[in-house]
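**Q** For reference, the sequence and a predicted model appear below.
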Amino acid sequence: MNNKTIREIAVAWKEYKRPYVKQSTMAAYVLILENHILPCFGESNSLHEKEVQEFVLGKIAGGLSVKTVKDILIVLKMVMKFGVKNEWMSHYEWDIKYPTNQSGKELEVLSVANHKKILNYVQEHFNFTGLGIYISLSTGLRIGEICALKWSDINVTEGTITVNRTIERIYIVEGEKKYTKVVINTPKTVNSCREVPMSKELLSMIKPLKKVVNDDFYVLTNDEHPTEPRTYRNYYNRLMKKLDMPKLKYHGLRHSFATRCIEAGCDYKTVSVLLGHSNISTTLNLYVHPNMEQKKRCISKMFKSLGK
């Protein structure tokens with residue numbers, strides 16, 4: 001066996017993997033390698049469970065979430081599997097344990113009152129930039145999907161928005177050269193390409209605009225050049241501060257939309273499809289946490305069905 005280090009295997013794995021994944025996915029893998037895997041294991045030519053377990057606990061103790069650490073291990077396993085396949089390293093089974101006493105972070109969402117307050121403000125102080133926030137709160141679109149939205153994606157006859165691209169800033173490593181660049185891509189997953197209906201309120205705002213805008217222009221800028229998520233996030237943060245809102249990440253608008261859907265009694269599968277989740281379990285795990293009142297109603301319904 002011609003043993004190689006994990007750093008050497010990672011170089012070959014990147015070249016092997018690159019043709020099969022999106023540029024943004026590859027950029028995410030490279031970032032994980034550079035920031036987490038190679039600093040710890042780059043010079044190793046084998047990895048035993050004990051070392052990986054210590055690495056996992058260290059990362060969690062350092063403030064990373066279990067999900068983030070699992071994502072790091074997915075990349076590490078891909079690299080190592082490639083190394084084993086090419087007979088550059090030996091295969092060792094791991095059974096990694098994760099702390100169970102981590103209290104799940106509560107999802108950060110707008111209150112109903114603040115949700116309404118933002119929608120009303122955007123309606124009363126209309127501009128194209130603000131329209132994106134209204135759309136996110138009314139449809140659950142991600143920030144990259146909002147930035148990439150063109151007028152041609154909005155069908156006022158059908159009352160729908162078609163999501164088929166996203167804008168993101170990705171991290172590029174070319175030898176010693178490291179930089180970021182903005183790319184326009186297909187959305188996160190196949191399910192993320194979707195049609196989302198507009199509310200009557202959103203449709204009434206957009207209908208008159210569609211008569212005068214250029215279909216090839218981006219909605220947020222009403223121009224042929226889009227805005228990128230980093231810039232749009234700054235605009236959003238300034239608006240939230242101006243409206244005296246509690247601090248909330250832009251993604252919290254998507255969470256707020258989904259939470260309102262669940263609170264209104266929408267069925268979970270429909271919410272999952274609207275959000276473009278690849279699996280309904282993502283929707284259930286994120287948003288469906290029944291309170292005691294809902295549990296009581298469920299038991300009551302069940303007994304009614306028995307004629308009790």
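**A** Alright, I've got the coordinates. Numbers count the residues shown, from 1 in each chain.

**Q** Tell me, domain by domain, which residues of the chain belong where.
**A** Domains of the chain are assigned by automatic domain parsing as 6-85, 112-287.

**Q** Using TSV, lay out those domains together with mean pLDDT, mean neighbour count and distance to S300.
**A** Just so you know, the C-beta spots here come from the backbone N, C-alpha and C atoms, and that holds for glycine as well. TSV is the format used below for the domains of the chain (pLDDT from 0 to 100; neighbours: other CB atoms under 10 Å; distance: least, CB to CB, whole Å):
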stretch	mean pLDDT	mean neighbour count	distance to S300
domain 6-85	93	16	35
domain 112-287	93	16	15
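
**Q** Can you add distance to K296 and give these back as CSV?
**A** Listed next are the domains of the chain as CSV, based on distance: least, CB to CB, whole Å:
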stretch, distance to K296
domain 6-85, 32
domain 112-287, 15
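
**Q** Ok, which of these comes nearest D95?
**A** With CB to CB as the criterion, D95 lies closest to domain 6-85 of the domains of the chain, at 6.6 Å.

**Q** where along the chain do the helices fall?
**A** In the chain, the segments counted as helices under DSSP state H are 6-17, 23-32, 38-41, 49-61, 66-85, 112-124, 128-139, 143-147, 200-210, 229-242, 251-263, 268-275, 280-287, 292-305.

**Q** Looking at the ones you listed, which is nearest to G175?
**A** Once the helices of the chain are compared by CB to CB, helix 6-17 is nearest, at 10.4 Å.

**Q** Now do the contacts for A12.
**A** A12 makes contact with F82, N86, according to CB atoms under 8 Å, 6 or more residues apart in numbering.

**Q** and the gap between it and L76?
**A** Taking CB to CB, to the nearest Å as the measure, A12 falls 15 Å from L76.

**Q** Kindly report the same for L284.
**A** Applying CB to CB to L284 and L76 gives a distance of 28 Å.

**Q** again, but for L110
**A** As judged by CB to CB, L110 and L76 stand 37 Å apart.

**Q** Then S24?
**A** Taken as CB to CB, the span from S24 to L76 is 20 Å.

**Q** do the same with M292
**A** Counting by CB to CB - M292 and L76 are separated by 42 Å.

**Q** excluding its backbone neighbours, what's nearest E224?
**A** F217 (5.9 Å; CB to CB, 6 or more residues apart in numbering).

**Q** To clarify, my last question referred to E228.
**A** Nearest to E228 is V182, by CB to CB, 6+ apart, at 4.9 Å.

**Q** and that neighbour, what are its bridge partners?
**A** Assessed by DSSP bridges, V182 has beta-bridge partners R169.

**Q** need the contact list for it.
**A** Contacts of V182 (CB under 8 Å, 6+ apart): I167, E168, R169, I170, E228.

**Q** Using a markdown table, lay out the residues you listed together with distance to K50.
**A** Output for those, formatted as a markdown table (distance: CB to CB, whole Å):
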| residue | distance to K50 |
| --- | --- |
| I167 | 43 |
| E168 | 37 |
| R169 | 38 |
| I170 | 35 |
| E228 | 43 |
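
**Q** Kindly indicate which of the residues you listed lies nearest V84.
**A** I170 (28.9 Å).
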